[in-house]
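[1] my questions are about this predicted structure, shown below with the sequence.
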Amino acid sequence: MTMQRDWENFNISQFNQDLIRWFYKYKRDLPWRQTKNPYYIWVSEVMLQQTQVDTVIPYYQRFITKFPTPQDLASADEEAVLKIWEGLGYYSRARNLQQGVREVVENYQGRVPDNKNDILSIKGIGPYTAGAVLSIAYDRPEPAVDGNVMRVLSRVFLIDDDIAKQKTRRLFEEIIYRIIPESDPSAFNQGLMEIGALICKPKQAKCEQCPLAAHCGAYEEGVQTEYPVKKKKTPPKPLHFAVLVLKNQSGEYLIRKRPEKGLLAKLWEFPMIPLESPETSIEESVRDYIEKNYSAPVKINDVNINIQHTFTHLKWHLSLFAGSIEQRISAEKDEQWASLGQLEKFPFPVSHQKIVDKIKQGLIS
DNA sequence: AAAGCGGGGTC
DNA sequence: GACCCAGCTTT
């Protein structure tokens, strides 16, 4: 079943007043709340996808300082954009944001569209981000349904559909279209999200402080902890690699650029050698790999450093090997020799940033 | 409709 | 550990 409440005993105008007054009284002072510039709102919303506010703040500041206008971002090198994004995760967001901004510069004279059709057609802008930009930057009464909003409204309306499904997001959008006020849709949407972040939390909802308690079906029945309903995800699949920290006689390290699609696309890494399983002879695999790829004498030693890194769907187990090469072999395409100082110019995923740190600490070689 | 896609915070 | 986070794109 979907909604277990009817509209007859739901007071829309009172709900909106309670929500919006609370928002103006208790909202956090966040950098992207000091502007209505649609481009800045857009940047902040993309960074905030699946990412918490405190994590985003310094990235946002650096980003708009480096790319203050859509034109600045459109004309930037992709690698410079990825470097700013380094460590934030979901790197396709950065590549799609730049592509989207290029569309805006090309097709809309650098002005972010203020209508749903056009803005939804832009790369990287989906239903949530479209609604957020339209409501916050342009005061349009459009829903912006994120995880916070689904949690809050699933409790208010006792909705037990699986929020992991696309269809459920559309159900919440339908509800919001019936409630959202013409007068201040920005405060309405942000208020729902702010309550989700500060009050209506996943584990410990602070219902006694909630301005919506008087409107909330879950609070009335004391079943807050049972909402929202969400299907469990499958655990991450383990993958094992040997990682080669290969240094030449000039003291440079071999790094390579990852493929342009898939996991950590276009980021840089130390060469990774896939292992069939943790039981396979790692040293042998490393030797085979080096013989095949470098055709030059290489000394290898196991430095007994292991790094684990968990993604949403994968768990990497990395075993580090240090190598020194007698003569300078030429770097292949998408490979590069870089000194320790130069490594800082390249965007690395966090798992390989950890390796750079180990090198700096003198723990490898 | 389901899977792929990061990294960090919280309990 | 498990769960969550101002989700979107691809398959």
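    In hand now; what should we look at?
[2] which parts of chain A are strands?
    A:237-247, A:253-257, A:268-269, A:272-275, A:298-310, A:314-325, A:335-338 (DSSP state E).
[3] so which bits of chain A are right by DNA strand C?
    On the criterion Cβ under 7 Å from any atom of the strand, DNA strand C has as its neighbours in chain A the residues A:30, A:32-33, A:44-45, A:48-53, A:90, A:92, A:96, A:123-130, A:132, A:146-148, A:151, A:190, A:193-194, A:196-197, A:202, A:230, A:232-233, A:235, A:312. All C-beta spots, glycine's among them, are computed from the backbone N, C-alpha and C.
[4] buried ones among those?
    A:30, A:32, A:44-45, A:48-49, A:53, A:96, A:124-125, A:127-130, A:132, A:146-148, A:151, A:190, A:193-194, A:196-197, A:230 (16 or more other Cβ atoms under 10 Å).
[5] domain map for chain A?
    Domain assignment of chain A by automatic domain parsing yields the ranges A:12-226, A:237-360.
[6] can you pull the contacts of residue A:71?
    For residue A:71, the residues meeting the contact criterion (Cβ atoms under 8 Å, 6 or more residues apart in numbering) are A:105, A:110.
[7] any idea how far DNA strand B is from it?
    26 Å (Cβ to the nearest atom of the strand, to the nearest Å).
[8] same deal with residue A:171?
    Taking Cβ to the nearest atom of the strand, one finds residue A:171 at 11 Å from DNA strand B.
[9] near DNA strand B, which residues of the stretch 201-350 of chain A show up?
    Counting by Cβ under 7 Å from any atom of the strand, the stretch 201-350 of chain A sits next to DNA strand B at A:201, A:203-204, A:262-265, A:309-314, A:349-350.
[10] among the residues you listed, name the ones in helices.
    Among those, the ones falling in helices (DSSP state H) are residue A:350.
[11] let me see the contact set for the residue nearest to residue A:214 when sequence neighbours are not counted.
    Leaving aside its chain neighbours, residue A:214 sits nearest to residue A:18 (7.2 Å; criterion: Cβ to Cβ, 6 or more residues apart in numbering). For residue A:18, the contacting residues are A:211-212, A:214-215, by Cβ under 8 Å, 6+ apart.
[12] tell me the contacts of the residue of the stretch 201-350 of chain A found nearest DNA strand C?
    Nearest residue of the stretch 201-350 of chain A to DNA strand C, counting by Cβ to the nearest atom of the strand: residue A:202, 3.7 Å away. Residue A:202 is in contact with residue A:151, counting by Cβ under 8 Å, 6+ apart.
[13] pLDDT wise, what is residue A:324 at?
    pLDDT for residue A:324: 89.
[14] what number of residues lie near it?
    For residue A:324, the neighbour count with other Cβ atoms under 10 Å is 16.
[15] assess the claim that it and residue A:299 are in contact.
    Yes: judged on Cβ atoms under 8 Å, residue A:324 makes contact with residue A:299 at a distance of 5.2 Å.
[16] tell me which residues of stretch A:232-246 come out buried.
    Counting neighbours by 16+ other Cβ under 10 Å, stretch A:232-246 gives A:240-246 as buried.
[17] most widely separated two among these?
    For the buried residues of stretch A:232-246, the maximum inter-member distance is 19.3 Å, found between A:240 and A:246 (Cβ to Cβ).
[18] got the strands of chain A as CSV, with distance to residue A:358 columns?
    Below are the strands of chain A laid out as CSV (distance: least, Cβ to Cβ, whole Å):
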stretch, distance to residue A:358
strand A:237-247, 8
strand A:253-257, 12
strand A:268-269, 14
strand A:272-275, 15
strand A:298-310, 6
strand A:314-325, 7
strand A:335-338, 16
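[19] restricted to helices, list the residues of chain A next to DNA strand C.
    Per DSSP H, those map to helices at A:44-45, A:53, A:92, A:96, A:127-130, A:132, A:147-148, A:151, A:190, A:193-194, A:196-197.
[20] pull the contacting residues for residue A:61.
    Here residue A:61 is in contact with residue A:31 (Cβ under 8 Å, 6+ apart).
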